[in-house]
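Peer 1: Any chance you can model this:
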Amino acid sequence: MNARAQQNPEPKAAGAQSPPRPPRCAAHGLGPDGDDGGSRIVIKRATLSVLAQAQRDNATDLRMAPAADGGTAIRYKIEGAWRNWAPAGLSWPLVLSELGGLAGIRDAEFPKQGIIYVAYSGVRLRWQLEMTNHQDACLLHDLANEKV
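Peer 2: Modelled structure (predicted):
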């Protein structure tokens, strides 16, 4: 093959397919010990799912706090009434870290404030986040209808 043919490969025939590429997040989830980051991805998706569902339900406020079993207790406010979210079984330290990462304040000192602004599952999430410390509840306020 000449050098020109190597630089500009011919298009493949319609039936020929190359092997699928790995997901973009696969390379980002590798930990120092070879862990694939599977739990991190699950926590991120679950956290985003909670925010998206609360926003779809027209919740104005969301409260996430450590549960007695080490998980995360979730409450949300709709039309002035607080409601409990079904237990999610999510580790509180991981949820707290993920919320901080989504708001870009993971490494900031307490008390922390930030805004989560991300698209997820067909919804544009806009939540104001307040954290006083790693052991107390974090409060989120829906900014969907407010100017920032």
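
Peer 1: quick one: stretch 115-129 to chain centroid distance?
Peer 2: Relative to its chain's centre, stretch 115-129 lies at 9 Å (Cα atoms, centre = their mean, to the nearest Å).

Peer 1: mind exporting that stretch as CSV, just the C-alpha atoms?
Peer 2: Extracted in CSV, the C-alpha atoms of stretch 115-129 (Å, rounded to 0.1, in the frame of the first residue of the first chain):
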residue,chain,number,x,y,z
ILE,A,115,-25.5,24.7,41.6
ILE,A,116,-26.2,21.4,39.9
TYR,A,117,-26.9,22.2,36.2
VAL,A,118,-27.0,19.2,34.0
ALA,A,119,-29.2,17.4,31.5
TYR,A,120,-30.3,13.9,32.5
SER,A,121,-33.0,11.6,31.0
GLY,A,122,-34.7,14.4,29.0
VAL,A,123,-34.8,16.8,31.9
ARG,A,124,-32.6,19.9,32.5
LEU,A,125,-31.7,19.6,36.2
ARG,A,126,-31.1,22.9,38.0
TRP,A,127,-30.8,22.5,41.8
GLN,A,128,-29.1,24.8,44.3
LEU,A,129,-27.1,22.7,46.8
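
Peer 1: Give me the contacts around it.
Peer 2: The contact list for stretch 115-129 (Cβ atoms under 8 Å, 6 or more residues apart in numbering) reads 48-49, 51-52, 55-56, 62, 99-100, 102-103, 105, 112-114, 138-144, 148. Just so you know, the C-beta spots here come from the backbone N, C-alpha and C atoms, and that holds for glycine as well.

Peer 1: Same question for stretch 90-97.
Peer 2: Contact partners of stretch 90-97, identified using Cβ under 8 Å, 6+ apart, comprise 39-40, 43, 46-47, 64-67, 70-72, 106, 131, 134, 138.

Peer 1: Repeat the analysis, applying 10 Å as the threshold.
Peer 2: Outside of stretch 90-97, the residues within contact range by Cβ atoms under 10 Å, 6 or more residues apart in numbering are 39-40, 42-44, 46-47, 50, 64-67, 69-74, 88, 98, 106, 112, 131, 133-138.

Peer 1: Restricted to strands, list those.
Peer 2: Cross-referencing the contacts of stretch 90-97 against strands under DSSP state E gives 64-66, 72-74, 112, 131, 138.
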